[in-house]
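Enquirer: Here you go, sequence then predicted model.
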Amino acid sequence: MNASVSMLRPGTGGAPRNPATHPELTPELRESVVAKTTAVVDLLQAVVAELGSEGEVTFANSFGAEDMVLTDIILS
């Protein structure tokens, strides 16, 4: 390594992007997210229809990444 490049300063071109946390938002990825969101919403609506809409259904949240996604979908 030299003075212009280090583990903390990767050099020119901006900050490095981790594809796992910053994926390229391609049309295919957007379509996949919409399809998965639709499937989750359909499943949640079926749960409410089967088990009741008067507060009988609750969601236990561990505040993990997956639960936060579900919480966002439920609240929207």
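Expert: Here it is on my side, so go on. Residues are numbered from 1 along each chain as shown.

Enquirer: Report the separation between residue 73 and residue 33.
Expert: With the distance defined as C-beta to C-beta, to the nearest Å, residue 73 ends up 11 Å from residue 33. From N, CA and C alone the C-beta is placed, and that goes for glycine too.

Enquirer: er, residue 62 I mean
Expert: 22 Å.

Enquirer: Look at residue 30 and give its secondary structure.
Expert: Following DSSP: H, G, I helix; E, B strand; the rest coil, we place residue 30 in the helix state.

Enquirer: any idea where the strands of this protein begin and end?
Expert: With DSSP state E, there are no strands along the chain.

Enquirer: Give me the residue ranges of this structure where confidence is low.
Expert: 1-16 (pLDDT under 70).

Enquirer: Look up the closest residue to residue 40, ignoring the ones flanking it.
Expert: residue 73 (5.6 Å; C-beta to C-beta, 6 or more residues apart in numbering).

Enquirer: okay, now that neighbour: neighbour count?
Expert: Taking other C-beta atoms under 10 Å as the criterion, the count of residues near residue 73 is 13.

Enquirer: could we number from 63 for the rest of this?
Expert: Understood, numbering begins at 63; the last thing we discussed is residue 135.

Enquirer: Spatially central residue in the chain, please.
Expert: The structure's the chain has its C-alpha centroid closest to residue 131; by C-alpha atoms, centre = their mean the separation is 5.3 Å.
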